[in-house]
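Q: Would you be able to build a 3D model of this:
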Amino acid sequence: MNKQLFFDDSKLFGRDNVIRKYGKPQMVAEYNDGVSSNDYASGFVFMLDNGKYRMLYFAHGDFEGRRLFCATSEDGINFLPEKLFDLKSYPDKKYEHEIMKLAGEVASIFEDKYAKDPSERYKMLFADCSRLKELYVEDTVYTSPDLINWTLKEGSLWGDGAEPLASVFYNKHKKVYTIIERPFWGRRCAGYKETENWTDFTDFRYCMDVDSSDDRLDEIYGMIAFEYDGMYIGVPHFYRHLNSEFNAKYKNGIIDTQLAYSYDGRYWLRSLREPFISGVDTLGNTDKQYNLVWVMSMLENRDGSINLYASASELEHGPAFRNPGTGKIFVYNMRKDGFISLCTENAGETASVITREKIWHGGEIHFNLKAKKATVAVYISDESELVAGNVLGIAKPVEGYSHDDCIPFEGDSTDWVPEYKTGKRVDELKGKTLVFELRFSDGEVFSLSGDYTDVFNTQAAKYRRYGVLPE
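A: Predicted coordinates for the structure are as follows:
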């Protein structure tokens with residue numbers, strides 16, 4: 001199954017009366033263990049083999065330095081501190097849910113589903129700050145079989161002075177692990193390294209920075225990224241609202257997030273230049289604003305909906321790291337594929353979205369949408385015309401698959417399959433090059449999916465003539 005999200009119009013022939021909008025994650029819970037403050041970029045959540053959830057987070061508080069803590073949950077939303085140790089038996093621990101003391105900051109924790117050694121199922125990217133006075137940060141890797149017991153992986157250095165707010169995903173297209181990170185201490189932007197074995201790493205390559213469309217003095221603080229149904233979605237964090245002054249940008253400013261995306265995990269595109277999750281999205285208290293928000297984890301629930309986990313601080317950048325007390329971890333929930341949508345612009349008027357050609361391999365087409373009324377018409381592109389050196393496909397209506405033939409949909413569904421009064425099914429058009437037109441009123445469409453290959457005009461003509469699929 002392929003899926004089309006509507007981050008851009010590259011796979012559309014047309015759109016009318018629609019505007020692109022971010023989905024709106026809803027805050028559903030907040031967490032604080034009562035002894036620490038989550039002002040840093042933290043909150044790494046995993047579903048365990050027993051169906052429960054475990055969250056790791058590093059924080060500061062009324063104790064020396066920083067510590068790595070653990071919480072547990074039955075539903076991935078409501079967390080409680082997890083009792084790991086009997087303090088009488090472990091005098092080096094101050095708290096029952098404490099994993100270890102830290103001489104630095106955790107940049108990322110992820111589950112390595114391709115690890116050959118079970119003892120390295122989980123990996124932690126750590127920024128060792130024990131030599132800060134020498135202006136040196138050592139970027140090491142720790143491994144764990146269970147998220148509780150961690151061992152330094154000797155000889156594995158994932159960065160060169162990089163700082164926290166990093167992430168890792170497995171690039172299925174390139175068969176490598178991708179680390180999204182900063183190039184070095186204090187340089188705020190996003191780039192990547194790749195590795196196959198966690199011993200050898202490629203050189204750093206830039207993939208995202210601020211540009212002239214951003215607000216004054218903005219910086220990209222870093223980006224969290226993950227694979228999502230064949231593409232890659234990023235959450236770049238923006239350091240904003242900075243004062244003009246003759247020193248490093250540190251003593252003030254806020255952090256919020258936007259969205260970015262990639263089709264190959266290397267070349268990244270910016271999305272809407274507006275906040276995706278920000279510090280005004282608080283649970284039951286719209287008067288309180290959190291000036292730093294760090295979106296660190298994403299998990300898909302069994303129903304396809306998405307949980308996002310973010311740490312946050314009421315204080316601005318700089319003071320937050322010196323004054324623990326206001327930091328929490330927030331849990332957000334969002335519908336399946338709910339990152340971005342094409343939404344009706346003018347209420348009461350019909351909206352339309354027309355796809356580019358798709359080589360149909362069989363089965364039905366599925367839509368994630370909500371609308372007062374929606375129908376889908378199918379067109380076959382089975383002819384080509386050469387116009388001034390350009391091959392143009394000619395899409396024609398298919399009998400039995402018109403908007404009048406389509407049984408109208410009304411409501412909200414993450415998996416609507418169009419049906420036709422004629423009894424026709426899209427599966428009957430297997431092997432054809434199809435174009436779909438979705439018409440809807442007062443609603444929004446989040447995605448479409450099916451067994452197809454997206455093609456452009458010349459590729460479609462080549463398939464029709466020679467049966468050749470694009471690589």
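Q: Check what pLDDT residue 281 gets.
A: You'll see residue 281 listed with a pLDDT of 67.
Q: Next, work out how far apart residue 44 and residue 254 are.
A: The gap separating residue 44 from residue 254 is 23 Å, by Cβ to Cβ, to the nearest Å. In short, each C-beta sits where N, CA and C put it, glycine included.
Q: And for residue 52?
A: 34 Å.
Q: Also residue 338?
A: In terms of Cβ to Cβ, residue 338 sits 25 Å off from residue 254.
Q: Test my guess that residue 342 contacts residue 19.
A: Yes: in this structure residue 342 lies within contact range of residue 19 using Cβ atoms under 8 Å: 7.3 Å.
Q: Between the two, tell me which one has more neighbours.
A: Of the pair residue 342 and residue 19, residue 342 is the one with more neighbours under other Cβ atoms under 10 Å, namely 24 against 13.
Q: Okay, and the beta partners of the more buried one?
A: Residue 342 has these beta-bridge partners by DSSP bridges: residue 20, residue 445.
Q: Tell me which residues touch it, please.
A: Residues near residue 342 by Cβ atoms under 8 Å, 6 or more residues apart in numbering: 6, 15, 18-20, 351, 353, 444-445.
Q: can you tell me how far it sits from residue 372?
A: Using Cβ to Cβ, which is the criterion applied here, residue 342 is 15 Å from residue 372.
Q: before we move on, what about residue 208?
A: 38 Å.
Q: between those two, which one's more packed in?
A: residue 208 (21 against 15).
Q: Surely the more buried one is in contact with residue 192?
A: No: applying Cβ under 8 Å, one finds residue 208 not in contact with residue 192, separated by 9.4 Å.
Q: Looking at residue 52 and residue 254, which is more packed in?
A: Taking other Cβ under 10 Å, residue 52 and residue 254 do not tie; residue 254 has more neighbours (20 against 14).
Q: What is the least confident helix or strand in this protein?
A: The helix or strand of the chain with the lowest confidence, counting by mean pLDDT, DSSP states H and E, is strand 390-397 at a mean of 85.
Q: Report all helices and strands that it contacts.
A: For strand 390-397, the packing partners by 3 or more Cβ pairs under 8 Å, 6 or more residues apart in numbering; DSSP states H and E come out as strand 366-387, helix 457-466.
Q: can you redo the ones you listed as TSV with distance to residue 332?
A: Converted to TSV, these look like this (distance: least, Cβ to Cβ, whole Å):
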stretch	distance to residue 332
strand 366-387	18
helix 457-466	39
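Q: Relative to residue 173, which of those is closest?
A: With Cβ to Cβ as the measure, helix 457-466 is the member of these nearest residue 173 (18.3 Å).
Q: Give me the residues contacting that closest one.
A: 357, 359, 381-382, 384, 390-393, 433, 455, 468-470.
Q: one more time with 7 Å
A: 357, 359, 381-382, 384, 391-393, 433, 455, 468-470 (Cβ atoms under 7 Å, 6 or more residues apart in numbering).
Q: now it against strand 366-387, angle please.
A: Angle, helix 457-466 to strand 366-387, by axes from the mean of the first three to the mean of the last three Cα atoms, to 10 degrees: 80 degrees.
Q: What residues of helix 457-466 count as buried?
A: For helix 457-466, a neighbour-count test (16 or more other Cβ atoms under 10 Å) marks 459-464 as buried.
Q: Give me the domain ranges for this structure.
A: Listed domain ranges for the chain are 2-21+341-466, 25-335 (source: automatic domain parsing).
Q: Which neighbouring elements make contact with the helix or strand containing residue 110?
A: Assigned by DSSP states H and E, residue 110 belongs to strand 104-111. Packing partners of strand 104-111 (3 or more Cβ pairs under 7 Å, 6 or more residues apart in numbering; DSSP states H and E): strand 53-61, strand 122-128, strand 167-171.
Q: Alright, calling it a day.
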